[in-house]
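Enquirer: How does the following fold in three dimensions:
(chains A and B)
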Amino acid sequence: MKMLVEKFLKDLKSIVEKDFSVELNFKDYEILSFTDFGDISTNISFQIAKSVKKNPLKIAEEISEKLAKDYGYKSEPVKPGFINIFFDDKEIFKECEKIVSGNRYGEKENNNKKVNIEFISANPTGPLVLVNLRAGVSGNMLYNVLKYSGYNVERENYINDAGNQIYNFGASILYHIAKNKPENFPENGYKGNYVKDISNKLKENIGEVEYNDEYIKKAADFGKEFILNWQKESLKKYSIDFENWIFESEVRKKYLDGVLEKLSEKGFTYSKDNALYLKTTLFGDDKDRVIIKSNGEYTYFLPDIAYHFYKTERGFERIIDILGPDHHGYIPRLNAAIKMVSERDIKFDVIIAQLVTIFKDGQKYEMSKRTGEFITLDELSEEIDPDVLKFTILSRKLSQPFNFDIEKVKEKSMDNPVYYVQYSYARLSSLFDKANTDIKDISFDYENFENIDLRKISKKLLEFPYIVYNLSDSYELQKVPNYLIELSSLINQFYHDYRIIDENRKEMIKKISVLFSAREILKIGLSLMGITIKERMYKDEV
RNA sequence: GCGCCUGUAGCUCAAUUGGAUAGAGCAACGGAUUUCUAAUCCGUAGGUUACAGGUUCGAUUCCUGUCAGGCGCACCA
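Expert: Here you go, the predicted model:
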């Protein structure tokens, strides 16, 4: 069943293509906007003005006329060249019916385009912290959003369980319990208290240990397992999930040699000063990068290439990495690597999730895994409702660094926008119980609203799918929470201004038909964000 | 020095990807409830969008320069 706006766009495009002979390759969001000037508006006249060589206003007039004549739309060309479109009330009611029909309104059918999203990928050497959560809830939401928009998505967490870091981690664990430990704590070791806990557990497990390579590896393995389980537990509290957990150790075994061979066969590598270089400059990098050091060890980059090769091998049309800001210099390299190892044209996007700075009592809270100074996700989830955290994080543009004051978030928790949205939902739920109605009682067959505020709400609902679709290109997830706040505001205003449960059952059901669908949109929106939906909410229960 | 991100109300952030009058929450002040949840609603105040130019029908958004902050520039990971 086509949505009202969807059908309009199709009709508009066919007018432009037929009567103006312009080939339209605009994305919907480039020509469509939801404003107060009409039910929807389009700037299409401006977009095609150059190629048509006409005045935008003139174009708008012509299109508007066609829209009326050929398709029966009510529209209005306006000042510089916008066209405002007005839908019949009857049709908007029909949209409400679609919203409550049981399927998720606006959700597209599977288009069989495979997308891979990698996020978090924290080293298995310590617990998860707030920056990981930002990537985690964002990646999870992006997954939901892309699925809604028809993509076939897989979430992936990459575990760096090989290389120097993990060795240092093993050494740090062993240090606390080995008899013949060295005088100094391992260089680049891990100092947090949790390391000592792991040491003690290891000792309980295998008894006396000596400080040598064999035991360091055992300690590293033990520590890795411990940390991974810990991380999984932490993620559970936020309902963050992955289809795939990929281990660097496996990738090294299975793909590294092949990739190395492939790169040299294609002539992308060369030796210099006993090291092996990759010609990443061929694909826009600043300089060529070392992949095998002069001492024979691999750099971090090589297994990463192998990993991304493994991604391309699985038939993804789009690959998305969510990385921290400290990795932005890494992007040209990865880009080049993907072009080198893949035979297909793959869309590769790196989303940089900017830093979150924690403030406590107005003081900046410095964190570092190495020194062991940090606040873990577990500690955060004890202090702050996970829904509050998610909403707060997702309301902010990923490209924007943000300051997170723990005390303030806690203080404000009562007035937090997440409760505002959840409350609107719960309020409607309880209203529907009292009204004692069912969707089956509603025909959605009304000629007009006779209530401008009711119409305002239902008009807002038409916008929702387009908010979500756009995210597949822009990745600006904050649009959804912002939209939900706006919708909730309309709902609360309406609730305040009008009596809904009424003697006049016909009037009541008319209002409820719209409110039912509004509640459904809130539900879809919250579920995309991974936020709990509450049927009941009372202040004293917090 | 080079690259990336950022600069919007007192604070935290938005602004339909160049659109029509730059908006929310918090904080401040004033008001609304015998009625379906006051976790609500209404109002007041708060802005030269860091600064200076440029591009065009139109700029918070794009370009150039300046200033300020964060991050990154390894044969570390």
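
Enquirer: Provide the secondary structure category for the residue in chain A sticking out farthest from the centre.
Expert: Each residue of chain A has a distance to the centre, and by Cα atoms, centre = their mean the biggest one is for residue A:180: 48.6 Å. Under DSSP: H, G, I helix; E, B strand; the rest coil, the three-state class of residue A:180 is coil.

Enquirer: Equivalent analysis for the one 3 residues further on, please.
Expert: Per three-state DSSP, the secondary structure class of residue A:183 is coil.

Enquirer: Could I get the contacting residues of the nearest residue to residue A:185 once chain neighbours are set aside?
Expert: Nearest residue to residue A:185, sequence neighbours excluded (Cβ to Cβ, 6 or more residues apart in numbering): residue A:175, at 6.0 Å. Where you see a C-beta, it was placed from the backbone N, CA and C, and this is true even at glycine. With contact taken as Cβ atoms under 8 Å, 6 or more residues apart in numbering, residue A:175 is in contact with A:181-182, A:185-186, A:189, A:199, A:211.

Enquirer: Any of these buried? List them.
Expert: A:181, A:186, A:189, A:199, A:211 (16 or more other Cβ atoms under 10 Å).

Enquirer: same for RNA strand B: which of these are within range?
Expert: Under the cut-off given by Cβ under 7 Å from any atom of the strand, RNA strand B has nothing from the buried ones among the contacts of residue A:175 close to it.

Enquirer: got the residues you listed as CSV, with distance to residue A:492 columns?
Expert: Formatted as CSV, the buried ones among the contacts of residue A:175 follow (distance: Cβ to Cβ, whole Å):
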residue, distance to residue A:492
A:181, 63
A:186, 58
A:189, 54
A:199, 54
A:211, 64
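
Enquirer: closest to residue A:342 among those?
Expert: Nearest to residue A:342 out of the buried ones among the contacts of residue A:175 is residue A:189 (Cβ to Cβ; 38.1 Å).

Enquirer: on that earlier part again, pull the contacting residues for the residue lying closest to the residue farthest from the centre of chain A once chain neighbours are set aside.
Expert: Nearest residue to residue A:180, sequence neighbours excluded (Cβ to Cβ, 6+ apart): residue A:211, at 5.1 Å. When contacts are counted by Cβ under 8 Å, 6+ apart, residue A:211 touches A:174-175, A:178-182.

Enquirer: one more time with 6 Å, if that's ok
Expert: Residue A:211 is in contact with A:174, A:178, A:180-181, counting by Cβ atoms under 6 Å, 6 or more residues apart in numbering.

Enquirer: do you know how far residue A:380 is from residue A:463?
Expert: Between residue A:380 and residue A:463 the distance, using Cβ to Cβ, to the nearest Å, works out to 33 Å.

Enquirer: And for residue A:499?
Expert: For residue A:499 relative to residue A:463 (Cβ to Cβ), the value is 27 Å.

Enquirer: Have a look at the two and say which one is more surrounded.
Expert: residue A:463 (20 against 11; other Cβ atoms under 10 Å).

Enquirer: Can you show me the CA trace of the helix or strand hosting that one as CSV?
Expert: Following DSSP states H and E, one finds residue A:463 within helix A:452-474. Extracted as CSV, the C-alpha positions of helix A:452-474 are listed here (Å, rounded to 0.1, in the frame of the first residue of the first chain):
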residue,chain,number,x,y,z
ILE,A,452,-7.4,22.1,13.3
ASP,A,453,-5.2,20.7,16.1
LEU,A,454,-6.3,17.1,15.4
ARG,A,455,-5.3,17.7,11.8
LYS,A,456,-1.9,19.1,12.9
ILE,A,457,-1.1,15.9,14.7
SER,A,458,-2.0,13.6,11.8
LYS,A,459,-0.2,15.7,9.4
LYS,A,460,2.9,15.4,11.5
LEU,A,461,2.7,11.6,11.3
LEU,A,462,3.1,11.6,7.5
GLU,A,463,6.6,13.0,8.0
PHE,A,464,7.9,10.2,10.1
PRO,A,465,9.0,7.7,7.5
TYR,A,466,10.9,10.4,5.6
ILE,A,467,12.7,11.4,8.7
VAL,A,468,13.9,7.8,9.0
TYR,A,469,14.7,7.2,5.3
ASN,A,470,17.0,10.2,5.2
LEU,A,471,19.2,8.7,7.9
SER,A,472,20.4,6.1,5.5
ASP,A,473,22.3,8.8,3.7
SER,A,474,22.9,11.4,6.3
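
Enquirer: Now that helix: buried residues?
Expert: By 16+ other Cβ under 10 Å, the buried positions in helix A:452-474 come out as A:454-455, A:457-472.

Enquirer: which strands and helices sit next to that helix?
Expert: Packing partners of helix A:452-474 (3 or more Cβ pairs under 6 Å, 6 or more residues apart in numbering; DSSP states H and E): helix A:130-148, helix A:479-497, helix A:505-529.
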